[in-house]
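1. With the input below, show me the fold.
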Amino acid sequence: MSDTVEIEEKRGKDNPWKLKTPPGSSEYEMYIDEKDGVEVIMCVVGKTVLYYDARAINDLYQMLKDHDDWMLLGSKDEKVDTREGTVEHWARSPDNPMSGFYGLKKNFRGRFAMYIPPLMEELGLAEVEHNKRNNRMKAI
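-> Below you'll find the predicted structure:
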C-alpha cells in the first residue's frame, strides 16, 4: 500500500525551514526549488548548498512505513561506505525507487541521513532521535 505525502506548505528560498541536525550540533536551512526541471530540496549548510530530489520525502516515508520500526540514520559523506540497514545506505542503494543517490550534486550526494530526517520530523512524518550519535528515525 502506498502512502503519498503532500507537503502542505512548500517553502521557497525567502521562507526556508530552519532546522538542526539530529544531534543538534549544526543549524541549516531547507526549501523547495526547481533545478533542471526537477523539484528539489535545497539544503544550505553555511556556504555549502546541497540538493536532493524532492521525491525523497515520499519514498523515505513509504520505506519507513514498510519497515515499521526504528531505523539507524548512519549518515556518511558520499565517498564513504555505508552500513546496510541504515537510512543513508537506502538513500544511495540501486534498490531504492531512484535506483541510486537522492543527492543530486556530485561529491555532495551523501549526508542524506543527516539533513532529510529533521525535515521529515518538521513535516510531521517521522520521529527522529536527538542523541549525540547513533540516532534513529521511524515513520509516524
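2. Show me where the chain has its helices.
-> Using DSSP state H, the helices of the chain run over 55-67, 87-90, 112-122.
3. Out of those helices, which is closest to residue 132?
-> helix 112-122 (13.5 Å; C-beta to C-beta). (Glycine included, C-beta is placed from N, CA and C.)
4. Make a markdown table out of the helices of the chain and add distance to residue 26.
-> Below are the helices of the chain laid out as a markdown table (distance: least, C-beta to C-beta, whole Å):
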| stretch | distance to residue 26 |
| --- | --- |
| helix 55-67 | 20 |
| helix 87-90 | 17 |
| helix 112-122 | 9 |
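5. Would you mind putting these into CSV with mean pLDDT alongside?
-> Listed next are the helices of the chain as CSV, based on pLDDT from 0 to 100:
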stretch, mean pLDDT
helix 55-67, 97
helix 87-90, 98
helix 112-122, 98
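6. okay, those in JSON lines with mean neighbour count and distance to residue 47 next?
-> Shown next, in JSON lines, are those (neighbours: other C-beta atoms under 10 Å; distance: least, C-beta to C-beta, whole Å):
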{"stretch": "helix 55-67", "mean neighbour count": "19", "distance to residue 47": "23"}
{"stretch": "helix 87-90", "mean neighbour count": "22", "distance to residue 47": "23"}
{"stretch": "helix 112-122", "mean neighbour count": "23", "distance to residue 47": "15"}
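7. Figure out which of the ones you listed is closest to residue 20.
-> Comparing the helices of the chain by C-beta to C-beta, helix 112-122 comes nearest, at 6.4 Å.
8. Not counting that closest one itself, show me its contacts.
-> Helix 112-122 is contacted from outside by 17, 19-22, 28, 30, 41, 43, 45, 50, 52, 56-57, 60-61, 73-76, 86-88, 91-92, 101-103, 126-128, 135, 137, using C-beta atoms under 8 Å, 6 or more residues apart in numbering.
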